[in-house]
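J.: I'd like to go over a predicted model; first the sequence, then the structure.
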Amino acid sequence: ADGVAPGSCVRYRITATNAGVADVTDVTLSDATPAYTTYSATSPATVSQGSVNAPADGAAGQVEAIVGTLAPGQAATLSFGVRIDP
């Protein structure tokens with residue numbers, strides 16, 4: 001079986017890198033809990049810089065990181081986990 005069992009957790013990591021030569025401003029990273037999953041705050045959502053807004057533990061919805069400015073060559077990473085619905 002290739003799937004993940006109900007009740008298991010999956011962790012996502014999204015990275016944005018400024019490959020340009022100028023600052024990128026107002027950077028936001030966002031994703032949503034996939035169908036048949038809910039946000040897991042067992043290991044809360046984190047971002048390497050800025051702040052994170054996430055659903056309540058056990059709820060579905062948008063996970064968003066407000067990063068701000070990325071200088072040339074700089075990267076920001078958003079990590080969050082979801083639990084597969086039983």
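T.: Everything's here; your move.
J.: so Arg83 touches Gly7, yeah?
T.: Yes: counting by CB atoms under 8 Å, Arg83 does reach Gly7; the two are 6.8 Å apart. Placement of C-beta: from N, CA and C, glycine included.
J.: which of those two has more residues huddled nearby?
T.: Arg83 (20 against 9; other CB atoms under 10 Å).
J.: could you pull up phi and psi at that one?
T.: phi -110, psi 130 (degrees, to the nearest 10).
J.: for it, give me the pLDDT.
T.: pLDDT, Arg83: 96.
J.: residue contacts, it?
T.: Residues in contact with Arg83, defined by CB atoms under 8 Å, 6 or more residues apart in numbering, are 7-9, 37-40, 58.
J.: ok, for Arg83, nearest residue in space, not its chain neighbours?
T.: Computed as CB to CB, 6 or more residues apart in numbering, the closest residue to Arg83 that is not its neighbour in sequence is Ser40, at 4.5 Å.
J.: report how many residues lie close to that neighbour.
T.: Counted with other CB under 10 Å, Ser40 comes out at 20.
J.: report the beta-bridge partners for it.
T.: Gly81 (DSSP bridges).
J.: tell me if I'm right that it and Gly81 touch.
T.: Yes: contact criterion CB under 8 Å: Ser40 and Gly81 qualify, at 4.3 Å.
J.: mutual contacts of those two, please.
T.: Cys9.
J.: where in this protein is pLDDT low?
T.: 1-2 (pLDDT under 70).
J.: strands of this structure, start to end?
T.: Per DSSP state E, the chain carries strands over the ranges 9-17, 24-32, 37-40, 46-47, 51-53, 62-70, 75-84.
J.: now the last one: how far from the chain's centre is it?
T.: Here the centre of strand 75-84 is set off from its chain's centre by 3 Å, with CA atoms, centre = their mean, to the nearest Å.
J.: do the same with the fourth one
T.: Between the centre of strand 46-47 and the centre of its host chain there is 7 Å, according to CA atoms, centre = their mean.
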